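**Student:** coords please:
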Amino acid sequence: MAYILVHHKVEDYNKFKPVFDSHASLRSEGGSRGGKIFRSTNDPNELFVLLEWDSIANAQKFAQSDSIKEAMKNAGVVGMPAIYFVEEAAKTAK
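**Tutor:** Numbering: from 1, shown residues only. Okay, the predicted model is just below:
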């Protein structure tokens, strides 16, 4: 599986989440298969977003789009996000 892992801070999670949710159809059209949002236990406005994609190429294309840059601005992302393109290497035992 192909994934994007994004780490960034936002001004306010409650402002960020509706903007993120409204962008779901564009992510889906671009090849996203959904994902998860994690919040730091030390700072609820520090986020880790893990999104699954149909391919690394589509994930990279989406991450470079003007649409995502505008959405991040509207969602109150602070500073430059750290974006990683990763592939699943193994599953762990329980």
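**Student:** Indicate each strand paired with the longest strand anywhere in the chain and its parallel or antiparallel sense.
**Tutor:** As assigned by DSSP state E, the longest strand anywhere in the chain is strand 77-87. According to DSSP bridges, strand 77-87 has the following sheet partners: strand 2-10 (antiparallel).
**Student:** Next, the buried residues of the partner strand.
**Tutor:** 2, 3, 4, 6, 8, 9, 10 (16 or more other Cβ atoms under 10 Å). The way it works is simple: take the backbone N, C-alpha and C, and place the C-beta from them, glycine included.
**Student:** again with stretch 21-32
**Tutor:** In stretch 21-32, counting by 16+ other Cβ under 10 Å, buried: 23, 27, 30, 31, 32.
**Student:** end-to-end on that stretch?
**Tutor:** Separation of the first and last residues of stretch 21-32 by Cα to Cα, to the nearest Å is 13 Å.
**Student:** how far is it from where the chain is centred?
**Tutor:** How far stretch 21-32 lies from its chain's middle: 11 Å, per Cα atoms, centre = their mean, to the nearest Å.
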